[in-house]
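J.: pasting the sequence and the predicted model now:
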Amino acid sequence: MQTGNTLILIGGSAGSMPVLFQILEGLPAEITSTIVIVLHRQKNVISEFANILTKHAGNKRIIEPEDKQLILPGNIYLAPQNYHLLIEHDFTFSLDYSELVNYSRPSIDVTFESAAQVFKNSITGIVLSGANSDGASGLSTIISQGGKALVQDPASAEYPMMPERALQQNPLATHLSPHKIVRLIAWLNT
Amino acid sequence: MKPEPELSLQDVEDIVEVIHSNFGYDFKGYARASLQRRMLRVMDTLNIKTAGQLQDFLLGTDCAFNYFLEHITVNVTEMFRDPEFYKIIRSTVIPILASYPIIKIWHAGCSTGEEVFSMAILLHEAGLLQRSRIYGTDVNHVNIEKAKQGILPLEVMKDYTHNYMQSGGVHDFATYYSARYKQVIIDKKLRSNLIFAQHNLVADQVFNEFQLIFCRNVLIYFNKELQNKVVKLFYDSLAPLGYLALGSKETMHYTPVKHDFATVDKEKIYRRIK
């Protein structure tokens, strides 16, 4: 694991799926960064989420990491349901089954804040559509560590609250249309 | 917005050292990312801003460390969490347990007992509870006291009923507890063969032999070295062909004793084969 590798963090909630599909469909055949997706999802139901995302990712496998699994560039990871996803300094994932944060587990803030401490300025954090304020504090941590913060243009979001809160709390974050987010992530991987 | 408390990784190491030398609890093997989060959470609750202030708090009064210990450990649990898991316990594991004259089960890191009550219900429905002894242990004595009482908030019972039904339960879940005001108490006959006691997986030893050990979503808070040590403790505590059940994202993959276990199901149920 080289620390120079880029980590792309994507946080989404209600209304984020169409954008996420576009992002995955826009990726080149081989990706160079590590992508970690945190979505608010139901617990205690059988979830086909990873499989659905895989279909949109040109059959690049979407990995729901196990505890202490090594983070590798070129992979796409999805936070497992009903756990917070944290990142350790030895570049492994660790899972956490503690209280909900922003009514959510997994919480976008938890993963963003944890990742920012390890990957420092090699992070791009992106907050997509959603109906709460998860992700706003996480983006602040990413910015404070020198990483880049992107937010889906609230006007383009099915549920604009999450992008709006993220932008209110982070005037330094850039807001982009879904189309531009797709192109930027593809570009980061070439 | 109030300023956030600050705690570097080095601060976490210093606090771990202070705790070990003053109170004898060893957090060295805890995974740092979640330990740091928990410490920050305690600091936030107590309005403590720096590592130095946290040290002063811990060393200040006798009850401070107890407070810290109660809140640093994760005490989140559910009845019938991961219904698919309980389906496999019901269909695959319980029929094997039925062949033992006395069934001994250990829930390691049982928090406030919700998983123990879930298992008691499964054994009751299989007609096995009377000859079962279920041990629930946790490092946090407040959890153990709550588990002994068997009292849960009423508001979560709707979720638990749903989980129970998803896990293949066909009885009226409401017969397993009585509600009073905003709380419920788990039926006394379900609790008669449960033994709750304080036990620290980091420092304490084997205390009995079991045919089934549950340790779900506890190992995730430990680093790999401590995970190995604790899994070895489970190996030593299991009868031959005994079962070990882990959380849905925990794995035996990194432990040296992995070859001594066979995988029973993808729901992270393993069996001691050597």
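T.: Cool, got the structure. Residues are numbered from 1 along each chain as shown, chains lettered A, B, ... in the order given.

J.: residue ranges of the strands in chain B, please?
T.: Using DSSP state E, the strands of chain B run over B:103-108, B:132-138, B:151-153, B:177-180, B:183-186, B:194-198, B:210-215, B:238-246, B:261-265, B:269-272.

J.: can I get these in JSON lines with mean neighbour count, distance to chain A and mean pLDDT?
T.: Every residue, glycine included, has its C-beta placed from N, CA and C. Formatted as JSON lines, those follow (neighbours: other CB atoms under 10 Å in any protein chain shown; distance: least, CB to the nearest CB, whole Å; pLDDT from 0 to 100):
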{"stretch": "strand B:103-108", "mean neighbour count": "24", "distance to chain A": "15", "mean pLDDT": "98"}
{"stretch": "strand B:132-138", "mean neighbour count": "23", "distance to chain A": "14", "mean pLDDT": "98"}
{"stretch": "strand B:151-153", "mean neighbour count": "15", "distance to chain A": "14", "mean pLDDT": "96"}
{"stretch": "strand B:177-180", "mean neighbour count": "14", "distance to chain A": "19", "mean pLDDT": "96"}
{"stretch": "strand B:183-186", "mean neighbour count": "18", "distance to chain A": "19", "mean pLDDT": "97"}
{"stretch": "strand B:194-198", "mean neighbour count": "18", "distance to chain A": "20", "mean pLDDT": "98"}
{"stretch": "strand B:210-215", "mean neighbour count": "24", "distance to chain A": "12", "mean pLDDT": "98"}
{"stretch": "strand B:238-246", "mean neighbour count": "20", "distance to chain A": "9", "mean pLDDT": "98"}
{"stretch": "strand B:261-265", "mean neighbour count": "16", "distance to chain A": "13", "mean pLDDT": "95"}
{"stretch": "strand B:269-272", "mean neighbour count": "21", "distance to chain A": "14", "mean pLDDT": "97"}
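
J.: can you list those in a markdown table and add distance to residue A:59?
T.: Output for the strands of chain B, formatted as a markdown table (distance: least, CB to CB, whole Å):
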| stretch | distance to residue A:59 |
| --- | --- |
| strand B:103-108 | 40 |
| strand B:132-138 | 44 |
| strand B:151-153 | 45 |
| strand B:177-180 | 47 |
| strand B:183-186 | 48 |
| strand B:194-198 | 48 |
| strand B:210-215 | 36 |
| strand B:238-246 | 30 |
| strand B:261-265 | 26 |
| strand B:269-272 | 30 |
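
J.: so how far is chain A from the nearest residue to residue B:142 once chain neighbours are set aside?
T.: Excluding the flanking residues, the one nearest residue B:142 by CB to CB, 6 or more residues apart in numbering or on different chains is residue B:70, at 5.0 Å. Applying CB to the nearest CB, to the nearest Å, one obtains 14 Å for the distance of residue B:70 from chain A.

J.: interface residues of the stretch 51-200 of chain B facing chain A?
T.: For the stretch 51-200 of chain B, the residues in contact with chain A (CB under 8 Å from any CB of the partner chain) are B:74, B:76, B:78, B:81, B:82, B:83, B:84, B:159, B:162, B:163, B:166.

J.: hmm, the fifth one is touching residue A:47, no?
T.: No: using CB atoms under 8 Å as the test, residue B:82 is too far from residue A:47 to be in contact (11.3 Å).

J.: can you give me the offset of the worst-scoring helix or strand of chain B on mean pLDDT from its chain's centre?
T.: With mean pLDDT, DSSP states H and E as the measure, the helix or strand of chain B carrying the lowest mean pLDDT is helix B:62-72 (a mean of 91). Taking CA atoms, centre = their mean, to the nearest Å, one finds helix B:62-72 lying 19 Å from the centre of the chain it belongs to.

J.: and for stretch B:246-255?
T.: Per CA atoms, centre = their mean, the centroid offset for stretch B:246-255 relative to its chain is 15 Å.

J.: likewise for stretch B:104-115?
T.: On the basis of CA atoms, centre = their mean, the separation between the geometric centre of stretch B:104-115 and that of its chain is 6 Å.
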